[in-house]
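Trainee: Here is the input, now give the coordinates:
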Amino acid sequence: MPEIPKFHEFMRPLLEVLQEQGELSRIDAIEAVIEKMGITDEQMSITQESNGKPLVRGRIGWASSYLRVAGALVGPKRGFFASPGFRKDVTPLIHPSGGLRT
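Mentor: Got it, this is the predicted structure:
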């Protein structure tokens, strides 16, 4: 079974995608992160037992939730992600291991 990055390992790529592309729909942001990280079809085929949805998408969703709580990600409207306008570079909030700095 292929290894799938942990949710915190998706934080930096998600922030980078939003800094590069600006406001994106949730679906487009997730697709951009998948592409940026080089997630394979084999990794995408692994699903959650509880609901049958791809595990990768769920982990990116968790990453976005934690980033939103930390103020590093905003939802300008329903179903959209963006970097907060008051801070251009939020990647220093991310620890080299992928999680949020405390």
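
Trainee: Point out where this protein drops to low pLDDT.
Mentor: Applying pLDDT under 70 to the chain flags the ranges 85-102.

Trainee: please redo it, this time with the cut-off set to 50
Mentor: Applying pLDDT under 50 to the chain picks out residues 86.

Trainee: That one: helices as residue ranges?
Mentor: Remark: helices assigned in the chain by DSSP state H are 11-21, 26-37, 41-44, 55-70.

Trainee: need the contact list for the residue of the chain positioned farthest from its centre.
Mentor: Residue farthest from the centre of the chain, counting by CA atoms, centre = their mean, is M1 at 22.2 Å. By CB atoms under 8 Å, 6 or more residues apart in numbering, the contact set of M1 is I46. (Glycine included, C-beta is placed from N, CA and C.)

Trainee: let's see it at 10 Å
Mentor: 42-43, 46 (CB atoms under 10 Å, 6 or more residues apart in numbering).

Trainee: buried subset of those?
Mentor: For the contacts of M1, a burial check counting by 16 or more other CB atoms under 10 Å picks out Q43.

Trainee: And stretch 40-53, how far out from the chain middle?
Mentor: Relative to its parent chain, stretch 40-53 has a centroid offset of 16 Å by CA atoms, centre = their mean, to the nearest Å.

Trainee: oh, I was asking about stretch 38-55
Mentor: With CA atoms, centre = their mean, you get 15 Å for stretch 38-55.

Trainee: so how far is the first residue of that stretch from its last?
Mentor: One end of stretch 38-55 sits 15 Å from the other (CA to CA, to the nearest Å).

Trainee: Pull out the buried residues from that stretch.
Mentor: 39, 43, 54-55.

Trainee: Could you report the separation of A63 from E9?
Mentor: For A63, the distance to E9 equals 8 Å [CB to CB, to the nearest Å].
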